[in-house]
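*Asks:* Have a look; sequence and predicted model below, questions after that.
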Amino acid sequence: MTQGEQTTDGTTRAPAGRSVLVTGGNRGIGRAIAEEFRANGDRVAITYRSGEPPAGFLAVQADVTDAASLDAAFTAIEAEHGPVEVVVANAGITRDTLLLRMSEEDFTSVLDTNLTGAFRVVKRAARGMIRLKKGRVVLISSVVGLYGSPGQINYAASKAGLVGIARSLTRELGSRNITANVVAPGFINTEMTAELPEKQQQEYKANIPAGRFAETEEVAKVVRWIASDEAAYISGAVIPVDGGLGMGH
């Protein structure tokens with residue numbers, strides 16, 4: 001954070017921080033990312049599709065598959081926090097099944113949320129960033145998008161596509177002080193992984209050089225850093241947070 005500003009009465013006022021938006025910020029990795037930015041002193045908004053959002057954030061209900069819904073969410077966030085300076089495209093779904101059992105709807109629905117949804121979010125955020133002549137775009141991918149996984153052709157395709165978005169966006173908007181990077185988590189300690197049978201968890205961990213799953217906070221800190229001034233000269237990069245599982249693939 002920057003140092004506070006001096007007020008007319010000589011006291012120090014806390015800095016306002018940046019306007020940050022995390023899509024799908026109501027649970028899991030998205031919530032951890034939102035909390036990390038809030039702890040950094042930023043003004044954090046989250047979007048959520050259903051359920052009850054966590055307290056302490058500007059929470060706006062939105063669906064990344066609906067451009068009008070997203071536009072309304074951005075308008076509400078901009079009215080409260082100003083133009084979005086950091087956007088984290090995190091919202092995503094899975095519909096896992098083997099190729100021969102995967103319906104076309106299974107495939108297209110995952111791509112519409114995970115890949116086209118990220119496109120919609122980035123396109124809307126870019127308007128304000130171009131006017132500001134600065135911005136940070138972080139796309140949450142997965143080791144699966146680089147490494148592959150049986151039963152996840154739809155998910156892997158959607159997460160791999162985010163790399164193309166980040167690198168093309170870097171070439172389009174890099175001269176305007178806008179960076180675009182990808183963070184690719186591996187296996188993370190969440191409610192979903194906790195429900196896996198112990199034997200299956202051990203099998204997964206045996207393939208991870210670190211020998212353990214990551215905590216959501218470990219992903220969140222990397223996201224916060226790649227969106228910071230310290231990482232201003234990094235763009236178009238893919239940063240794995242996977243304990244060595246993918247080895248950068």
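*Replies:* Received, thanks.
*Asks:* Grab the longest strand from the protein for me.
*Replies:* For the chain, the strand with the greatest residue count under DSSP state E is strand 178-185.
*Asks:* List the buried residues in stretch 202-217.
*Replies:* For stretch 202-217, burial by neighbour count (16 or more other CB atoms under 10 Å) applies to Ile208, Phe213, Ala214, Thr216. (C-beta placed from N, C-alpha, C; glycine too.)
*Asks:* quick one: the strands in this protein?
*Replies:* Per DSSP E, the chain has strands spanning 5-6, 12-13, 19-23, 43-48, 58-61, 86-89, 135-140, 178-185, 238-241. These are given in chain order.
*Asks:* can you list those strands in CSV and add mean pLDDT?
*Replies:* Below are these laid out as CSV (pLDDT from 0 to 100):
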stretch, mean pLDDT
strand 5-6, 43
strand 12-13, 40
strand 19-23, 98
strand 43-48, 98
strand 58-61, 97
strand 86-89, 98
strand 135-140, 98
strand 178-185, 98
strand 238-241, 97
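*Asks:* among those strands, which is nearest Ala156?
*Replies:* Ala156 lies closest, by CB to CB, to one member of the strands of the chain: strand 178-185, at 11.4 Å.
*Asks:* closest one to Leu196 among the strands of the chain?
*Replies:* strand 178-185 (16.2 Å).
*Asks:* distance between the closest one and the chain's centre?
*Replies:* Between the centre of strand 178-185 and the centre of its host chain there is 8 Å, according to CA atoms, centre = their mean, to the nearest Å.
*Asks:* With stretch 203-219 instead?
*Replies:* That offset, for stretch 203-219, works out to 19 Å (CA atoms, centre = their mean).
*Asks:* what ranges do the helices span in this structure?
*Replies:* 28-39, 67-81, 104-111, 117-132, 143-147, 153-173, 191-194, 198-206, 216-226 (DSSP state H).
*Asks:* Closest one to Ala72 out of the buried residues of stretch 202-217, please.
*Replies:* Thr216 (28.4 Å).
*Asks:* mind checking pLDDT for the residue nearest the centre of the chain?
*Replies:* Centroid check for the chain by CA atoms, centre = their mean gives Asn90 as the closest residue, at 3.3 Å. Note on Asn90: pLDDT of 97.
*Asks:* Thr23 and Gly30 touch, don't they?
*Replies:* Yes. Shown here, Thr23 and Gly30 form a contact pair, counting by CB atoms under 8 Å, at 7.1 Å.
*Asks:* Look up the residues that both of those two are in contact with.
*Replies:* Common contacts of Thr23 and Gly30, defined by CB atoms under 8 Å, 6 or more residues apart in numbering, comprise Ile46, Val88, Asn90, Ala91.
*Asks:* who's in contact with the last one?
*Replies:* Contacts were defined as CB under 8 Å, 6+ apart; by that measure Ala91 touches Thr23, Gly24, Gly30, Thr47, Arg49, Val64, Thr113, Asn114, Gly117, Val121.
*Asks:* Quick check: phi and psi on the residue lying closest to the second one once chain neighbours are set aside?
*Replies:* Nearest-residue entry for Gly24: Ala91, 3.3 Å, with adjacent residues in sequence omitted and distances by CB to CB, 6 or more residues apart in numbering. With angles defined as degrees, to the nearest 10, Ala91 sits at phi -60, psi 130.
*Asks:* measure Ala91 to Met247 for me?
*Replies:* Separation of Ala91 from Met247 (CB to CB, to the nearest Å): 27 Å.
*Asks:* what's the first-to-last distance across stretch 42-55?
*Replies:* Taking CA to CA, to the nearest Å, stretch 42-55 runs 15 Å from one end to the other.
*Asks:* what does it rub up against?
*Replies:* The contact list for stretch 42-55, computed with CB under 8 Å, 6+ apart, reads 16-27, 30-31, 34, 37-38, 57-64, 70, 73, 77, 80-82, 84, 86, 91.
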